[in-house]
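Peer 1: Dropping a prediction and its sequence here:
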Amino acid sequence: MQNVSFIHQASHLIGIAGASCSGKSTLANTLAAKIEGAAVIPMDAYYRDLAHLSPTNRARFNFDAPEALDHELLLTHLRALKHGDTVDIPEYDYSTHSRAPATRPIAPTAWIILEGLYAFYWESIRALLDTSVFIETPLELCLERRIARDTHERGRTEASVREQYASTVGPMYNIHCAPTAQFADIILNGDGPVEEAAARVMTRL
């Protein structure tokens, strides 16, 4: 599929939700490469700053619960972009569980892609979405991908990744994220080729 540019009068917000390592970021980046000028906003950038907590308490924090995300700031930023304002989204430092001093500016554009576990969780954010995409991926495959990512990119052990997945990642997905699939305009299979998934979204758009 060739790259496509669209003429649109107001920002069209695409939300992509699904389990951790279901393929949300890959799909978002694939779509951004096909839609000229599209901006991607990862919800992971909006983890709450835990700099005020001790390292021990930071490590005990449940990063997979909705409360771990500063959805109020995210909502403010999305509304600002919809109104044509530039925003500075946070940069999260996973090694310290805190926000980095630097931010990343996002200018208003015709197409904005929000990707994250809880993209559909809050009604206030859902109300801003123009197209909603949920990725369903077998949790066994999500775990395999998460082990590969966290051991190679975040210096974690396989045992620690498995323990966290069993204690919080899997349960939080089943309780809080999976039910939000009901709000999706499109439900995609996360273990298929990303180009096929992107093509379905592009057809919808």
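Peer 2: Yep, it's here. Numbering: from 1, shown residues only.

Peer 1: I'd like to know how many residues surround Gly15.
Peer 2: 29 (other C-beta atoms under 10 Å). (Glycine included, C-beta is placed from N, CA and C.)

Peer 1: And Tyr165, by the same measure?
Peer 2: Count around Tyr165 with other C-beta under 10 Å applied: 21.

Peer 1: residues touching it, list them.
Peer 2: Taking C-beta atoms under 8 Å, 6 or more residues apart in numbering, we find Tyr165 in contact with Leu143, Arg146.

Peer 1: quick one, phi/psi of it?
Peer 2: As for Tyr165, its main-chain torsions (degrees, to the nearest 10) stand at phi -60, psi -40.

Peer 1: Report the separation between it and His176.
Peer 2: Tyr165 sits 15 Å away from His176, going by C-beta to C-beta, to the nearest Å.

Peer 1: cool, Leu27 as well?
Peer 2: 21 Å.

Peer 1: Just want to know which of these two has more residues nearby.
Peer 2: Under the neighbour definition other C-beta under 10 Å, Leu27 and His176 were set side by side, and Leu27 has more, 24 against 16.

Peer 1: which parts of the strand or helix carrying that one are buried?
Peer 2: Counting by DSSP states H and E, the element that carries Leu27 is helix 24-34. Within helix 24-34, the residues scored as buried using 16 or more other C-beta atoms under 10 Å are Lys24, Thr26, Leu27, Ala28, Asn29, Thr30, Leu31, Ala32, Lys34.

Peer 1: distance of the third one from Glu196?
Peer 2: So the one you mean is Leu27. 11 Å.

Peer 1: same question, Asn62
Peer 2: Distance from Asn62 to Glu196, by C-beta to C-beta: 34 Å.

Peer 1: of those two, who's got more company?
Peer 2: Taking other C-beta under 10 Å, Asn62 and Glu196 do not tie; Asn62 has more neighbours (14 against 10).
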